[in-house]
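Q: My questions are about this predicted structure, shown below with the sequence.
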Amino acid sequence: MKEPVICNIQKDLSIQWFEQISKTVLLPHNNGQQIYYSIKPPDYVTALTQTTDNRFIILRQYRPAVEDYTFELPSGHVEEGETPAQAMLRELREETGCLAGEATLLRELIPDTGRLENRLWAFYINNVEVKNIPEPDKNEGIEVHLVSHEQFIEMINKGQLNHALDLSVIALAIFQKYLLI
């Protein structure tokens with residue numbers, strides 16, 4: 001089988017949050033060139049975080065894209081000049097006020113093979129020190145919840161934690177034996 005050929009790439013940088021990309025591709029199974037579109041946001045970081053007293057950190061916030069409040073793991077974007085681990089520790093501190101010494105990389109993932117050109121860096125962080133948890137009105141509306149192992153598993157089973165990327169991080173933590181179910 002012949003390999004696909006990328007004939008042309010055009011980038012639209014007019015939106016500050018991501019690049020919009022169009023690729024003209026010659027695929028072996030099609031006659032003629034096809035145009036495919038993708039978006040390249042900054043890389044994501046997400047962590048399953050466990051405190052020194054064995055609670056899990058869960059965030060609740062309003063997400064306009066789904067027009068609802070969601071429960072999520074601490075996460076964010078990798079900023080210019082940061083490693084994914086540095087970004088994860090920064091995001092944890094900014095969103096929760098909690099401190100951690102290191103983030104254990106579970107794996108680098110591809111969030112959406114059909115539309116996105118970024119990566120998700122999945123981490124596990126334990127021994128997180130709970131400091132001053134910010135109030136939601138002073139924290140961009142983010143509510144920080146500390147939940148027990150039983151509550152955490154129940155939230156997954158009831159569909160309260162339903163962010164697909166977060167569930168992939170949780171699955172990796174289970175497979176690598178950081179989280180026992």
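A: Nice, I can see it.

Q: Could you pull out the strands in the chain for me?
A: Assigned by DSSP state E, the chain shows strands spanning 5-12, 19-26, 33-40, 44-51, 56-63, 68-72, 75-77, 104-109, 120-128, 143-147.

Q: Can you name the residues that contact residue 26?
A: Neighbouring residues of residue 26 by CB atoms under 8 Å, 6 or more residues apart in numbering: 4, 5, 7, 32, 33, 34. Just so you know, the C-beta spots here come from the backbone N, C-alpha and C atoms, and that holds for glycine as well.

Q: Save these as JSON lines, and put in pLDDT, distance to residue 134 and neighbour count too.
A: Shown next, in JSON lines, are the contacts of residue 26 (pLDDT from 0 to 100; distance: CB to CB, whole Å; neighbours: other CB atoms under 10 Å):
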{"residue": "4", "pLDDT": "87", "distance to residue 134": "48", "neighbour count": "14"}
{"residue": "5", "pLDDT": "90", "distance to residue 134": "51", "neighbour count": "11"}
{"residue": "7", "pLDDT": "89", "distance to residue 134": "50", "neighbour count": "12"}
{"residue": "32", "pLDDT": "82", "distance to residue 134": "55", "neighbour count": "6"}
{"residue": "33", "pLDDT": "89", "distance to residue 134": "51", "neighbour count": "13"}
{"residue": "34", "pLDDT": "90", "distance to residue 134": "48", "neighbour count": "13"}
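
Q: Just give me the closest of the residues you listed to residue 97.
A: Nearest to residue 97 out of those is residue 4 (CB to CB; 47.4 Å).

Q: From residue 57, how far off is that closest one?
A: 42 Å (CB to CB, to the nearest Å).

Q: Check residue 125 too.
A: The value you get for residue 125 to residue 57, if CB to CB is used, is 9 Å.

Q: now do residue 167
A: With CB to CB as the criterion, residue 167 and residue 57 are 16 Å apart.
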